[in-house]
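just coords:
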């Protein structure tokens, strides 16, 4: 059961991460968000604001906007009044002189400091792609680890019998549901991050699997004539391809007429990106893999601790690029010639370096609860030889810890190389499950290398791998803890008005949406407001209106009418919560252009007049007329299908909604 929304706690933390009460010049709420004017943007901790339970999104521009959603926002506004003693919508008189003095300086500094490094933005996007997959990584990884231990014990003849073989087979089938189709899941999530169609992203990811290709008549590399292999290009290739898809799809939405957009854009986008994947991205990965094979063979010929360090340090980047599969033929050849592969135990040290790095991060950044939770979930499967959760959810998004984890793997590899004659009799997962496959009873050498990788990854990360921005936040949190700073109890005297919430009818499973206004209708992802375009508030559509009459898009009860009249809420008999938002940032107009015809608690039918809007007045005020219709409780929705786009008349049916 979800935790109850705590408006008092959210209000307190909004103040805290906005730089404190003294840094807030004024605040007020609109239908979906708290809008805050601050004196010094440097004091805003945007990351902490985004992590607050109940906060759906943060817009940190010249005005700080904290999105909490309809219904909750007025409670937070009231709690902020109670906490600070300042009135919503009023500027703090005592700080006006300070604000005037620093206005231009702060504005310039804020714009400069809000410029983001492209590399950091890329790492953040990669994290956003893989973090939603962590539960599947953890569950599948633990199953894979158990299956690997059983399989390796069978290979070493410690376990015998058809029953154990069957158990390993069943576990591997379950595990493969995640790892075999990882490119597809990656493509779907990457499309969501970059604003492409998720299903098209999934298909783009599936292309690298080369499904249906006859191994006896493979697709040829256009550059050198060699055969393409499934997964060549790896996950990074999929991410690059989906990013290109997002660019092409957005451009085509602009260029292609709405009447044929739904047909031409998906087909052309998939065709262009699919061809690029097969004939450019995958072959280029082939060149990289050929170079790596040559480099690996050279390093192996050198031997000793040097070879172990280089191979152990380079393996994580190979996993990240999906190029580790090219080593399989080398392992097979070594096993066939000598009875074991000394390469596999060395490469397995890369996972040990990651484990050590993750433990160091856990200790040094223990107040970062979100990071700690990620490590708790990813560490067990990392120990069992499944490295993707630690790579994509922990070390790679932070940047520096990924490098120190590689060094830790190199240290473990150097120990293995220095001891020598440590080989695996078969190919299997790394980590602890590889121990039963170590040949000639030299498992002790492998364990020593693994311990060295753990310790090496831990020490190098502990002292050199903690990102400075994360460390600064950690020091502040630790100082507050040492000082015994206690969270004050909020005594909120003002209670926000309760919204009208009719009882939902569980028998209703399907609802339909009409267009609320005549004009050009588009998917909500085309909104100029990031909060809506990223579906933070839910799915829906936008309309560039050509008339001033706003009609109810669905049957229901008016659950709320915002005081500035720029937004209304409707709750349907099936329990859907529909937000009708008239223009963007029109809360500043204080209701002037809006003539609302309904009131909270009133029953309305689809097509009934809700309001008249003077769009010219909105335009003259420098505001956008874009009207947004959003379903704000998507947790109740099984499927949302927008059936029409382009020029539309008010009251035309445009979307179908299936309820859970």
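Looks like it arrived, so ask away. What you see is a predicted model; the values in this text were computed from it and never measured. Numbers count the residues shown, from 1 in each chain.

residue 207 contacts residue 275, correct?
No: under the criterion of C-beta atoms under 8 Å, residue 207 is not in contact with residue 275, lying 9.4 Å apart. All C-beta atoms are positioned from the backbone trio N, CA, C, and that covers glycine.

who's more crowded, those two?
residue 207 (24 against 11; other C-beta atoms under 10 Å).

check that one and give its pLDDT.
pLDDT, residue 207: 92.

low-confidence ranges in the stretch 501-650 of the chain?
Residues of the stretch 501-650 of the chain that meet the criterion pLDDT under 70 lie in 501-504.

the helices in it, which residues?
530-533, 615-620 (DSSP state H, counting those that start in this stretch).

wait, residue 269 touches residue 200, no?
Yes: counting by C-beta under 8 Å, residue 200 is a contact partner of residue 269 at 6.2 Å.

the more surrounded of those two?
Remark: of residue 269 and residue 200, residue 269 carries more neighbours, 25 against 22, as counted by other C-beta under 10 Å.

which residues does that one contact?
200, 245, 248, 249, 252 (C-beta atoms under 8 Å, 6 or more residues apart in numbering).

now swap in residue 70 and tell me
With C-beta under 8 Å, 6+ apart, residue 70 has these contacts: 31, 32, 499, 559, 560, 567, 569, 577, 579, 632.

Throw those residues into JSON lines and include neighbour count and distance to residue 399, thanks.
Output for the contacts of residue 70, formatted as JSON lines (neighbours: other C-beta atoms under 10 Å; distance: C-beta to C-beta, whole Å):
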{"residue": "31", "neighbour count": "25", "distance to residue 399": "38"}
{"residue": "32", "neighbour count": "29", "distance to residue 399": "33"}
{"residue": "499", "neighbour count": "18", "distance to residue 399": "44"}
{"residue": "559", "neighbour count": "22", "distance to residue 399": "45"}
{"residue": "560", "neighbour count": "24", "distance to residue 399": "44"}
{"residue": "567", "neighbour count": "23", "distance to residue 399": "40"}
{"residue": "569", "neighbour count": "23", "distance to residue 399": "42"}
{"residue": "577", "neighbour count": "24", "distance to residue 399": "40"}
{"residue": "579", "neighbour count": "24", "distance to residue 399": "38"}
{"residue": "632", "neighbour count": "22", "distance to residue 399": "35"}
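
closest to residue 652 among those residues?
Comparing the contacts of residue 70 against residue 652 with C-beta to C-beta places residue 579 closest, at 19.6 Å.

so the closest one makes contact with residue 31?
Yes: contact criterion C-beta under 8 Å: residue 579 and residue 31 qualify, at 6.7 Å.

tell me the domain ranges of the protein?
What automatic domain parsing lists as the domains of the chain is 7-115, 510-659.

how far off centre is the shortest one?
For domain 7-115, the distance between its averaged C-alpha position and the chain's averaged C-alpha position is 25 Å (C-alpha atoms, centre = their mean, to the nearest Å).

for that domain, what is the average pLDDT?
Domain 7-115 comes out at a mean pLDDT of 75.

before we move on, the earlier item: residue 415 is nearest to which of the domains of the chain?
Among these, domain 7-115 sits nearest to residue 415 (C-beta to C-beta), with 37.8 Å.

need the winner for burial among the helices of the stretch 501-650 of the chain.
helix 530-533 (a mean of 20; mean count of other C-beta atoms under 10 Å).

between the domains of the chain, which one is closest to residue 169.
Nearest to residue 169, of these and by C-beta to C-beta, is domain 510-659 at 33.8 Å.

what does stretch 10-17 rub up against?
For stretch 10-17, contacts defined as C-beta under 8 Å, 6+ apart pick out 21, 24, 34, 36, 44-46, 48-49, 52-55, 66, 68, 76, 79-80, 82-84, 487-488, 490.

can you tell me which of those end up in helices?
Judged by DSSP state H, the subset of the contacts of stretch 10-17 located in helices is 46, 48, 49, 76, 79, 80, 82, 83, 84.

now these as TSV including distance to residue 356?
Below are those laid out as TSV (distance: C-beta to C-beta, whole Å):
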residue	distance to residue 356
46	31
48	28
49	32
76	42
79	43
80	44
82	47
83	43
84	45
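
going by distance to residue 644, which of the residues you listed wins?
Closest to residue 644, out of all of the ones in helices among the contacts of stretch 10-17 and judged by C-beta to C-beta, is residue 76, at 35.8 Å.

can you give me the strands in the stretch 1-150 of the chain?
24-29, 33-38, 57-60, 64-67 (DSSP state E, counting those that start in this stretch).

adjacent strands (with direction) for the first one?
So that's strand 24-29. strand 33-38 (antiparallel) (DSSP bridges).

same question, the last one
According to DSSP bridges, strand 64-67 forms sheet pairs with strand 33-38 (antiparallel), strand 57-60 (antiparallel).

what's the closest of those to residue 88?
Of all these, strand 33-38 sits nearest to residue 88, with 9.1 Å by C-beta to C-beta.

give me the residues contacting that closest one.
In contact with strand 33-38 (C-beta under 8 Å, 6+ apart) are residues 14, 18-19, 23-29, 44, 59, 63-68, 73, 76-77, 80, 91, 531, 587.

how about the residue nearest the centre of the chain, nearest residue that isn't a chain neighbour?
Nearest to the geometric centre of the chain sits residue 128, at 2.2 Å (C-alpha atoms, centre = their mean). Excluding its sequence neighbours, the residue lying closest to residue 128 (C-beta to C-beta, 6 or more residues apart in numbering) is residue 193, at 4.9 Å.

who are the packing partners of the helix or strand hosting that neighbour?
Secondary structure assignment for residue 193, by DSSP states H and E: helix 182-194. When contacts are defined as 3 or more C-beta pairs under 8 Å, 6 or more residues apart in numbering; DSSP states H and E, helix 182-194 packs onto helix 118-130, helix 198-207, helix 234-255.

overlap of the contact sets of residue 579 and residue 31?
With C-beta under 8 Å, 6+ apart, residue 579 and residue 31 have common neighbours 70, 567, 569.

now distance to residue 583 too, for the residues you listed, in a markdown table please.
Converted to a markdown table, the shared contacts of residue 579 and residue 31 look like this (distance: C-beta to C-beta, whole Å):
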| residue | distance to residue 583 |
| --- | --- |
| 70 | 16 |
| 567 | 9 |
| 569 | 16 |
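
from these, pick the one nearest residue 447.
Nearest to residue 447 among these, with distances taken as C-beta to C-beta, is residue 70, at 57.2 Å.

ok so, going back, out of the shared contacts of residue 579 and residue 31, flag the one nearest to residue 469.
Of the shared contacts of residue 579 and residue 31, the one sitting nearest to residue 469 (C-beta to C-beta) turns out to be residue 70, at 33.4 Å.

for that closest one, phi and psi?
When read as degrees, to the nearest 10, the backbone of residue 70 gives phi -60, psi 150.

separation between it and residue 38?
24 Å (C-beta to C-beta, to the nearest Å).

what do you get for residue 64?
For residue 64 relative to residue 38 (C-beta to C-beta), the value is 6 Å.

quick one on the thing from earlier: how about the domains of the chain in a markdown table, adding distance to residue 161?
Formatted as a markdown table, the domains of the chain follow (distance: least, C-beta to C-beta, whole Å):
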| stretch | distance to residue 161 |
| --- | --- |
| domain 7-115 | 50 |
| domain 510-659 | 45 |
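
quick one: closest of those domains to residue 446.
When the domains of the chain are compared by C-beta to C-beta, domain 7-115 sits nearest residue 446, at 39.8 Å.

quick one, what contacts residue 584?
Residues near residue 584 by C-beta under 8 Å, 6+ apart: 527, 528, 529, 623, 624, 626.

which residues are in contact with the last one?
Taking C-beta under 8 Å, 6+ apart as the criterion, residue 626 is in contact with 527, 528, 529, 542, 543, 544, 583, 584.

related to what we said a few turns ago, which one of the contacts of residue 584 is nearest to residue 549?
Closest to residue 549, out of all of the contacts of residue 584 and judged by C-beta to C-beta, is residue 626, at 16.5 Å.

among the strands of the stretch 1-150 of the chain, which is the most enclosed?
Greatest burial across the strands of the stretch 1-150 of the chain, using mean count of other C-beta under 10 Å, falls to strand 64-67, with a mean of 24.
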